[in-house]
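# Prediction below, plus the sequence it came from.
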Amino acid sequence: MAYRVVVKCGGGAFFVPNEAAENLKLCTAAQLRVLLLTLSRGFAEITPEAVSAELGISSDDAKDLLDYWVARGILEGDGVVSAVSLPASSPAPEISAPKAAAPKPPETKLQMSEVLRFKEEDPAIAHVFSEAERLLGKTFTSSDSETIVWLINYAGIAPEVLITVIAYCASIEKRNFFFIRKVALDWLENGIDTIEAAEERMRVLEEARSWEGEVKRCLEIYGRNLVTKEKEYCESWRLYGISPELIHFAYEKCIEKTAKLSFPYINKLLISWHQKGFKTPAEAAAENKPKDENKKPSFDLDELERRMMLEDSVI
């Protein structure tokens, strides 16, 4: 039995680029849903937030899925369908892929027989499979296995670099191969093609993640990740060399003053203290105390302490 599209009078329609159709055998159901939703908007912009609301997925997942099609030249920019003209008498024109530091790897659909052959004949690939199974702690699907072989044989990622990528993804609880593939290609595009460069990138990422965790504890943030703007504040404090103890003290001052967590307020306190050379909570707390410690104050010390804790130290 054969099937065809039902064309209704007055019914809407939208084009699908040839490149998108060629990728249908490689994409997942989620990637296809996002593509169809985006193409249905014509040439209007679409954001991860709009996709999130429409399909009931998180904004981060929506961005990942949109980026999948950006990497294949179907979308461009921040999720805008490439503006191409479509003359009725000619096929859809080729849509150019976004510029990248490294050539775009060829998309190749591998048969499981080929995957098994590569695994049996190449000890390096067999080692990647073994290490990946150990690091991820799961049984691979045929798609997972194809991704490993494709990343090594067609994308040109060194086996030892791919193992480092997988180790990093496992450490942040991102064990699906769509994410692993995305990270691996991102590292490749940024010139991370040796084990030394991969280990350095992993060290930097782990350091940043560890610092963010420390800041979250200082600010008593539990059960959620930092949003982008909060991460920017967090990173700036790390670069300034501000101690976790001082961050926690600023947090306490913020709660006493505003009764809520406010990154901008805490940032103002920390920058002010940094400019004054304060390194410890004691130095910050002593900012407004009498300079002559031997002079007897003319008012109650408890009252002074209470007023100090309520005072805004921002200049």
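Nice, I can see it.
# quick one: residue 244 and residue 214, what's the gap?
Residue 244 sits 5 Å away from residue 214, taking C-beta to C-beta, to the nearest Å as the criterion. Every C-beta, even on glycine, is put in place using the N, C-alpha and C of the backbone.
# try residue 192
Counting by C-beta to C-beta, the separation of residue 192 from residue 214 is 26 Å.
# Tell me which stretches of the stretch 201-315 of the chain form strands.
Assigned by DSSP state E, counting those that start in this stretch, the stretch 201-315 of the chain shows no strands.
# Just the helices from it, written as ranges.
Under the criterion DSSP state H, counting those that start in this stretch, the stretch 201-315 of the chain contains helices at 228-240, 244-258, 263-275, 281-285, 301-310.
# neighbour count winner among residue 192 and residue 214?
Set side by side, residue 192 and residue 214 show more neighbours around residue 192, with 22 against 16, by other C-beta atoms under 10 Å.
# Which positions in the host helix or strand of residue 187 come out as buried?
In this assignment (DSSP states H and E), residue 187 forms part of helix 177-189. Buried residues in helix 177-189, defined by neighbour count with 16 or more other C-beta atoms under 10 Å: 177-178, 180-185, 187-188.
# cool, and stretch 30-47?
30-31, 33-35, 37-39, 46.
# OK, contacts around residue 68?
For residue 68, the contacting residues are 27, 31, 34, 178, 182, by C-beta atoms under 8 Å, 6 or more residues apart in numbering.
# closest to residue 120 among the residues you listed?
Residue 120 lies nearest to residue 178 out of the contacts of residue 68, by C-beta to C-beta, at 25.9 Å.
# burial of residue 60, as a residue count?
11.
# Tell me which residues touch it, please.
For residue 60, the set of contacting residues under the criterion of C-beta under 8 Å, 6+ apart consists of residue 48.
# Secondary structure class of it, three-state.
Classification of residue 60 using DSSP: H, G, I helix; E, B strand; the rest coil returns helix.
# how close does it sit to residue 51?
Between residue 60 and residue 51 the distance is 11 Å, computed by C-beta to C-beta.
# With residue 220 instead?
Counting by C-beta to C-beta - residue 220 and residue 51 are separated by 33 Å.
# Compare neighbour counts for these two and give me the winner.
Set side by side, residue 220 and residue 51 show more neighbours around residue 51, with 23 against 11, by other C-beta under 10 Å.
# what about that one, which helix or strand?
Following DSSP H and E, one finds residue 51 within helix 48-55.
# who's in contact with that helix?
Contacts for helix 48-55 (C-beta under 8 Å, 6+ apart): 33-34, 37-38, 57-63, 65-66, 79.
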